[in-house]
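> Below are the sequence and a predicted model; questions follow.
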Amino acid sequence: MSAYDLILAGGGLANGLIAWRLRTHRPDLRILLLEQDAHIGGNHTWSFHASDLDAEELDWIAPLVTQRWPRYDVRFPDHARTLEGDYCSIASGDFARVIEAALGPALRTQARIVALTPTHVALDDGTFLHARAVIDGRGPLPDAGLALGWQTFLGQEVRLAAPHGLAAPIIMDASVAQQGGYRFVYVLPFGPDRLLIEDTHYVDAAARDADRLRANIAAYALQRGWRITQVLREEHGALPIVLAGDVERYWHHLRGQPCAGLRAGLFHFTTGYSLPHALRLARRLAGLSVMDAPALFGAIRADARAAWREQGFYRLLNRMLFLAGSPDARWRVMQRFYRLPAPLIARFYAGRTTLPDKARILSGKPPVPVLQALDAARRIHPHQIGTSA
């Protein structure tokens, strides 16, 4: 039996950042990060707006940033726009390279977890590990206390036969056929002839047809005049979009188990962006004087409850997006949003929407049927919504 102050189960974004922060700011702690694969971070690209973070967070995260652009584009059937402001991406390869080197012996890869409690972890090779606390960061936890929509995506990083000509990312190209939900293509230019092209859908269920999404990417590249010569890698996922729920029931079901990331509900409920929340949780935990399971569970639950209260407006917008109007017309909601002032859009992504912002977003002629929007607004309990975890 090995004894640690903290074991982090799962080497994803949130747990990786917590481990990195503790290793560099609390070297006195005996920590261990467990990852089932050969490297932490999986096969992902995490993006964020620089305006989402404060100066200390930007300085801390800088070694991980793969690419930074000074602006980004959005495109819709009746509207296109360029918005100024740094947009940044972190590739999982860079995430793993920096954090694995910092962790050294505090990282154990190819460690498959078969069971855990707030203070113990059992591995499939029979190893039994003990710690004062265990943080579970192994992705979202399905729970009947939440009503969810989903942001499903499949992305391919590709090499082209010729330069693509993009000067900035396209974070939403919703001029494409919608296919039964809000669909857009997300494009990051990582080099003159190298792109990440991601086909994204806001839909009612987490299941996705990978072959159809690959075909969508091929068709989009062809339509743009890009000839793909090589698919360098592929990533995919399904992010929860919270419509309604009982946060107290959710945390009661965790039974004192500290958790992080999507499992803790620490992400932007509309966009799915989670890096700002993960950074703040890591900083918060590194500042705790007591590092045991009850203290960590209490601190993380308090942050998650606060995030839940602060994101009530986003849950309202999500219900209007998913429950009002035709799924193929959801793009109209987003097109209208992207006609609003740029500072409002930046505050929305940062999760700092003000009361005047909320009034501005909801004012004017709605892009969905009024009666359906009002009906969606009142459905604040999961049992009132057919879409669930």
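Received the coordinates, thanks. Keep in mind the model is a prediction, meaning the values are calculated, not measured. Numbers count the residues shown, from 1 in each chain.
> quick one, what contacts Gln311?
242, 268-269, 351 (Cβ atoms under 8 Å, 6 or more residues apart in numbering). Placement of C-beta: from N, CA and C, glycine included.
> cool, Pro63 as well?
Pro63 touches Val98, counting by Cβ under 8 Å, 6+ apart.
> in stretch 130-148, what's buried?
By neighbour count on 16 or more other Cβ atoms under 10 Å, the buried set for stretch 130-148 is 131-141, 143, 145-148.
> Output the contacts of Gln311 as JSON lines; include the columns neighbour count.
Listed next are the contacts of Gln311 as JSON lines, based on neighbours: other Cβ atoms under 10 Å:
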{"residue": "Val242", "neighbour count": "23"}
{"residue": "His268", "neighbour count": "22"}
{"residue": "Phe269", "neighbour count": "24"}
{"residue": "Gly351", "neighbour count": "20"}
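> Mind checking which of those residues land in strands?
With strands taken from DSSP state E, the overlap with these comprises Val242.
> Make JSON lines out of the contacts of Gln311 and add pLDDT.
Formatted as JSON lines, the contacts of Gln311 follow (pLDDT from 0 to 100):
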{"residue": "Val242", "pLDDT": "93"}
{"residue": "His268", "pLDDT": "96"}
{"residue": "Phe269", "pLDDT": "95"}
{"residue": "Gly351", "pLDDT": "96"}
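> Buried residues, the lowest-mean-pLDDT helix or strand in the chain. List them.
When the helices and strands of the chain are scored by mean pLDDT, DSSP states H and E, helix 370-378 comes last with a mean of 79. The neighbour-count criterion (16+ other Cβ under 10 Å) identifies 373, 376 as the buried residues of helix 370-378.
> Then stretch 328-338?
Within stretch 328-338, the residues that qualify as buried are 330-338, counting by 16+ other Cβ under 10 Å.
> Determine which two of the buried residues of stretch 130-148 are furthest apart.
Arg132 and Ala147 (35.4 Å; Cβ to Cβ).
> pLDDT (mean, whole number) over whichever helix in the chain runs longest?
Secondary structure of the chain per DSSP state H: the longest helix is helix 293-310. Averaged across helix 293-310, the pLDDT comes to 96.
> What are the contacting residues of that helix?
6, 118-119, 132-135, 247, 251, 254, 256-260, 264-266, 277, 280-281, 284-285, 288, 351.
> let's see it at 6 Å
Helix 293-310 is touched from outside by 118-119, 133, 247, 251, 256, 258, 264-266, with contacts defined as Cβ atoms under 6 Å, 6 or more residues apart in numbering.
> residues contacting Phe190?
Counted by Cβ under 6 Å, 6+ apart, Phe190 has contacts Gln67.
> Within the helices and strands, which one has it?
Secondary structure assignment for Phe190, by DSSP states H and E: strand 182-191.
> Send me that strand as CSV with only the CA atoms.
The C-alpha coordinates for strand 182-191 follow below in CSV (Å, rounded to 0.1, in the frame of the first residue of the first chain):
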residue,chain,number,x,y,z
TYR,A,182,-27.5,23.5,-34.6
ARG,A,183,-24.5,22.5,-36.7
PHE,A,184,-21.4,24.5,-37.5
VAL,A,185,-17.8,23.8,-38.7
TYR,A,186,-14.9,25.0,-36.5
VAL,A,187,-11.6,25.6,-38.3
LEU,A,188,-8.2,26.3,-36.7
PRO,A,189,-5.3,27.2,-39.0
PHE,A,190,-2.2,25.7,-37.4
GLY,A,191,0.1,26.2,-40.4
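> so how far is stretch 308-322 off the chain centroid?
16 Å (Cα atoms, centre = their mean, to the nearest Å).
> And for stretch 28-42?
On Cα atoms, centre = their mean, the centre of stretch 28-42 falls 20 Å from the chain's centre.
> gap between the two ends of it?
Criterion Cα to Cα, to the nearest Å; first-to-last residue distance in stretch 28-42 is 28 Å.
> likewise stretch 35-49?
First-to-last residue span, stretch 35-49, Cα to Cα: 28 Å.
> Stretch 199-218 too?
First-to-last residue span, stretch 199-218, Cα to Cα: 10 Å.
> again with stretch 266-283
Termini of stretch 266-283 sit 14 Å apart (Cα to Cα).
> And for it, what's in contact with it?
13-14, 17-18, 21, 46, 48, 52-53, 57, 151, 239, 242, 307, 311, 314-315, 318, 351.
> Repeat that for stretch 70-79.
Contacts for stretch 70-79 (Cβ under 6 Å, 6+ apart): 81-84, 87, 168-175, 335, 338.
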